[in-house]
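J.: only geometry, no sequence info:
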């Protein structure tokens, strides 16, 4: 199919296991097509620490492309919770690191590896801000588990992610790894305040003890939130420009379904 249609670049968004990715890697290499891999923040060492898979040194800044990666393979074999909408059998062997390595080592692929943080907005089956939308709809103060309140996480709106992937794929960038990430590095308490601001809600955010069972308490119980989950997008910014095609206000409003 690649050869018949003269395809010069393949964008692989289904990078779940090496076994499922290997046929496409081979086909793209045979046809001499450039291979663009959609990878994720969960390859980083900080994710391994956050998920309590390992105890690397805490990296208290956004992770760069050449920073250490997670060393424990197949993360979902060890995690008590799994994302919705994905076959549990596939998750058993899920790991993007071996796919990155296979793509990077094949000289015929001219691989461009794009790592993304958590994506939010329409179509987010994992409901990354569902807890916050629910808290805003209930009115009153937002009571957030103190462990989570201080934790930093990168997010990117779906349209921004798609545009950045398209620009990178159409560019003449050399084979390399790029982080697609905005320059916003907020704690979860800061995200809560930003969503409330866009929603036009005058609410306070209070930090709760674990015993009070505030928002995100369940997640904080499972994770070591000393490890921030943020990506440094400077390399992409310098090479291809900013990733934001929508204003953050518009993106949050669309997520909240306010129609602003």
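T.: Thanks, I have the structure now. As the structure is a prediction and not an experimental result, all values here were calculated from the model. Residues are numbered from 1 along each chain as shown.
J.: Might you report the residue contacts of residue 74?
T.: 92-95 (CB atoms under 8 Å, 6 or more residues apart in numbering). C-beta: built from backbone N, CA, C; applies to glycine.
J.: so where's this structure uncertain?
T.: The model of the chain has pLDDT under 70 over residues 84-85, 258-260.
J.: what's the helix or strand for the residue nearest to residue 226 when sequence neighbours are not counted?
T.: Nearest residue to residue 226, sequence neighbours excluded (CB to CB, 6 or more residues apart in numbering): residue 58, at 5.2 Å. For residue 58, there is no host helix or strand (DSSP states H and E).
J.: Would you confirm that residue 58 contacts residue 45?
T.: No: Residue 58 is not in contact with residue 45 according to CB atoms under 8 Å; the separation is 9.4 Å.
J.: and the longest strand along the chain, what does it pack onto?
T.: Identified as the longest strand of the chain according to DSSP state E is strand 34-40. Other helices and strands packing on strand 34-40, by 3 or more CB pairs under 8 Å, 6 or more residues apart in numbering; DSSP states H and E, are strand 9-12, helix 18-31, helix 97-105, strand 112-116, helix 158-170.
J.: which one of the ones you listed is the most hemmed in?
T.: Stretch with highest mean neighbour count among the helices and strands packed on strand 34-40: strand 112-116 (a mean of 23; mean count of other CB atoms under 10 Å).
J.: quick one, strands of the stretch 101-250 of the chain?
T.: Using DSSP state E, counting those that start in this stretch, the strands of the stretch 101-250 of the chain run over residues 112-116, 118-120, 142-145, 155-157, 176-179, 205-208.
J.: Dump these into a markdown table; add distance to residue 222 as well.
T.: Listed next are the strands of the stretch 101-250 of the chain as a markdown table, based on distance: least, CB to CB, whole Å:
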| stretch | distance to residue 222 |
| --- | --- |
| strand 112-116 | 22 |
| strand 118-120 | 16 |
| strand 142-145 | 12 |
| strand 155-157 | 19 |
| strand 176-179 | 25 |
| strand 205-208 | 17 |
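J.: any idea how far residue 18 is from residue 24?
T.: 11 Å (CB to CB, to the nearest Å).
J.: just residue 241 next, same as before
T.: Taking CB to CB, one finds residue 241 at 32 Å from residue 18.
J.: next one: residue 27
T.: 15 Å.
J.: cool, and residue 200?
T.: On the measure of CB to CB, residue 200 and residue 18 end up 47 Å apart.
J.: which ones are touching the residue nearest to residue 226?
T.: Going by CB under 8 Å, 6+ apart, residue 58 touches 46, 49, 226-227.
J.: Same check on residue 13?
T.: residue 38.
J.: My read is that residue 25 contacts residue 103, right?
T.: Yes: using CB under 8 Å, residue 25 is in contact with residue 103, at 6.3 Å.
J.: Would you agree residue 59 is in contact with residue 46?
T.: Yes: using CB under 8 Å, residue 59 is in contact with residue 46, at 5.2 Å.
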